[in-house]
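> when you get a sec, could you give me coordinates for this:
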Amino acid sequence: MNVLDRHNVRRLNAGHPRAIVFAHGYGCDQQVWRQVAPALEADHEVLLFDYAGSGGADPAAYDTQRHGTLLGHAQDLIGVCEAAGLHRPVLVAHSVSTMIGVLAARLRPELFSALALVAPNPCYLNHPGYQGGFEADDIDELLDTLDSNYFSWARMMAPVIMGNADRPELGHALANSFCAGNPAVARHFARVTFLADHRADLAHVQPPCLVLQCADDALAPLAVGDYLLEQLPRGELLRLRATGHCPHLSAPEETTAALRGFVDRLPATTAAR
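So this is what the prediction gives:
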């Protein structure tokens, strides 16, 4: 199976000289971009894919050793871009995928023309001088609950992650996405996600980066946005009115407008073939 089939790649407006790659977060697949990606299709190639272990990706693609850190997923992301023949695309990444993108950009500084990081957090654990949002005991309890009953964890955590309690259907939809995946993969990937620490990688990211941060995000406190702005060499921070951890689902119009404003400011030569 070739790389594009392995990762269930879908290409819109294929061949356009400017390209955007959309990368989904934990427990989801490329469908989470359904309200955002089409708005950028008219003047970009839009490439959507599923990470190993997610969505329509080949089930055999997930390897607990290769994907025992985010590095394996970063290598997969690089492989997708290369197999698609993209030249310096913009990467739009959500949640854990933001750090996968950071790693890919560090491994291959010339790969992306820019990164848009939606609800990023390089380290969920609190450290002296850094507020990631969780104490070690919090993470241990979260992972223990996930291990003991994944489906119960998914139904409990999805509304917390989504936020927007006045629209419970959003949390229900995210829970359904979580529950559609392979529980063994989900448990493994959760440990990789919540125990990762990629703060040291931020200073090595050369392309311009837009950090899109939400209010009342249970997984990415406001202090994380300030930290990213300090650490990224070419970073800018935009705080959305949207709340929760998934603005592309809860506030797609605001998210799309922010992404459009960012990519439209990029020099044409940096994103063209």
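> what segments of the protein are helices?
All helices of the chain, identified by DSSP state H, fall at 3-6, 70-83, 96-107, 136-148, 150-162, 168-180, 183-194, 222-231, 247-250, 252-265, 268-271.
> want to throw the ones you listed into JSON lines with distance to Leu240?
Backbone N, C-alpha and C define where each C-beta goes, glycine included. Shown next, in JSON lines, are the helices of the chain (distance: least, CB to CB, whole Å):
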{"stretch": "helix 3-6", "distance to Leu240": "32"}
{"stretch": "helix 70-83", "distance to Leu240": "24"}
{"stretch": "helix 96-107", "distance to Leu240": "15"}
{"stretch": "helix 136-148", "distance to Leu240": "25"}
{"stretch": "helix 150-162", "distance to Leu240": "15"}
{"stretch": "helix 168-180", "distance to Leu240": "15"}
{"stretch": "helix 183-194", "distance to Leu240": "22"}
{"stretch": "helix 222-231", "distance to Leu240": "10"}
{"stretch": "helix 247-250", "distance to Leu240": "6"}
{"stretch": "helix 252-265", "distance to Leu240": "6"}
{"stretch": "helix 268-271", "distance to Leu240": "23"}
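> list the contacts for the spatially closest residue to Leu47 that is not a sequence neighbour?
Spatially, and ignoring its direct neighbours in sequence, Leu47 is nearest to Val21 (4.8 Å; CB to CB, 6 or more residues apart in numbering). Contacts for Val21 (CB atoms under 8 Å, 6 or more residues apart in numbering) come out as 47, 49, 77, 80-81, 86, 89-92.
> quick one: which of those residues is most hemmed in?
Within these, Val92 tops the neighbour count with 30 neighbours, counted by other CB atoms under 10 Å.
> can you tell me the closest non-neighbouring residue to it?
Per CB to CB, 6+ apart, closest to Val92 is Ala116, 4.5 Å.
> note down every partner strand of the longest strand that the chain contains and its orientation.
Ordering each strand of the chain by length in residues (DSSP state E) puts strand 235-243 first. Using DSSP bridges, the strands paired with strand 235-243 are strand 209-215 (parallel).
> what residues does the strand it pairs with touch?
114-120, 163, 220, 222, 224-225, 228-229, 232, 234-245, 247, 255, 258-259, 262.
> now do 7 Å
115-120, 220, 222, 225, 228-229, 232, 234-240, 242-245, 247, 255, 258, 262 (CB atoms under 7 Å, 6 or more residues apart in numbering).
> so what's the gap between that strand and the chain middle?
12 Å (CA atoms, centre = their mean, to the nearest Å).
> cool, stretch 114-134 as well?
The answer for stretch 114-134 is 13 Å, by CA atoms, centre = their mean.
> same question for stretch 123-142.
Remark: stretch 123-142 is offset 19 Å from the chain centroid, using CA atoms, centre = their mean.
> stretch 169-177 too?
17 Å.
> list the buried residues of it.
By 16 or more other CB atoms under 10 Å, the buried positions in stretch 169-177 come out as 170-171, 173-175, 177.
> show the pLDDT at Glu41.
Glu41 is assigned 93 on the pLDDT scale.
> start at 48 instead
Yes, from this point I'll number from 48; that puts the last item at Glu88.
> Arg58 is in contact with that one, correct?
No: counting by CB atoms under 7 Å, Glu88 does not reach Arg58; the two are 10.1 Å apart.
> neighbour count: the two, which is higher?
When neighbours are counted by other CB under 10 Å, Glu88 and Arg58 differ, and Arg58 comes out ahead with 16 against 13.
> that one reaches His91, doesn't it?
No: between Arg58 and His91 there is no contact under CB under 7 Å: 11.0 Å.
> if we can go back for a sec, among the helices of the chain, which gets the worst mean confidence?
Among these, helix 315-318 scores lowest, at a mean of 53.
> what residues does stretch 281-296 touch?
79-80, 82-83, 141-142, 165-166, 208-211, 217, 221, 254-267, 272, 275-276, 297-298, 301-302, 305.
> got the phi/psi numbers for the nearest residue to Val56 once chain neighbours are set aside?
Residue nearest to Val56 in three dimensions, not counting chain neighbours: Phe96, with 4.7 Å by CB to CB, 6+ apart. Backbone torsions of Phe96, given as degrees, to the nearest 10, read phi -150, psi 170.
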